[in-house]
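Peer 1: just coords:
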């Protein structure tokens, strides 16, 4: 079997869900007891990208721990959404606070002991991908949100980077 990362790290906004939690929606959030729909304080329905629960479940089944790295200023709202969407169970660590993603990854490395070279990172913002790649993390730019094909591509990119194959591509 191909080599798998020892830690898969996901951004949140426009990676797991199609909005900025600090701009496009209004916390606090709640889940309807009637139909399970997650809504913001104005009653607008909040959704994940459709493949996200399956993506996180697959990584769990493969034995790959998952972490979050988000620069949002809406820390409470982001954590609340992870809880309401029942995603907290997948995350071994959450680094959710404003600042540079390099700081998030340095803290993840300290907490987990996983070398940067054994991490895979999925993010919609090119600047974060460029910054984090300088640490030696295998990065996957996610311009249209997470999907199962994007996960497959990311895991293949990680595996190729581990063997230094000719198709291995640096982040960017």
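Peer 2: Happy to help now that I have it. Quick caveat, the model's predicted, so the values are computed rather than measured. Numbering: from 1, shown residues only.
Peer 1: Please enumerate the strands of this structure.
Peer 2: 7-10, 30-31, 38-39, 45-46, 66-70, 91-96, 119-123, 138-141 (DSSP state E).
Peer 1: Need the distance between the two termini of stretch 11-26.
Peer 2: One end of stretch 11-26 to the other measures 19 Å (CA to CA, to the nearest Å).
Peer 1: Report the mean confidence score over it.
Peer 2: Across stretch 11-26, pLDDT averages out at 96.
Peer 1: and that stretch, which residues are buried?
Peer 2: Neighbour counts over stretch 11-26 (16 or more other CB atoms under 10 Å) mark 11, 12, 13, 14, 15, 16, 17, 19, 21, 22, 25, 26 as buried. Every C-beta, even on glycine, is put in place using the N, C-alpha and C of the backbone.
Peer 1: Need the strands of the chain in CSV (columns: distance to residue 60 and mean neighbour count).
Peer 2: Output for those, formatted as CSV (distance: least, CB to CB, whole Å; neighbours: other CB atoms under 10 Å):
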stretch, distance to residue 60, mean neighbour count
strand 7-10, 10, 25
strand 30-31, 22, 15
strand 38-39, 21, 18
strand 45-46, 23, 16
strand 66-70, 7, 24
strand 91-96, 10, 17
strand 119-123, 15, 27
strand 138-141, 19, 24
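Peer 1: Which among the ones you listed is found nearest to residue 113?
Peer 2: The closest of the strands of the chain to residue 113 is strand 7-10. By CB to CB, the value is 9.8 Å.
Peer 1: What distance do you get for the residue at the greatest distance from the centre of the chain to residue 53?
Peer 2: For the chain, the largest distance from the centre (CA atoms, centre = their mean) belongs to residue 34, which lies 29.1 Å off. According to CB to CB, to the nearest Å, residue 34 stands 21 Å off from residue 53.
Peer 1: same deal with residue 7?
Peer 2: From residue 7 across to residue 53, the span is 19 Å (CB to CB).
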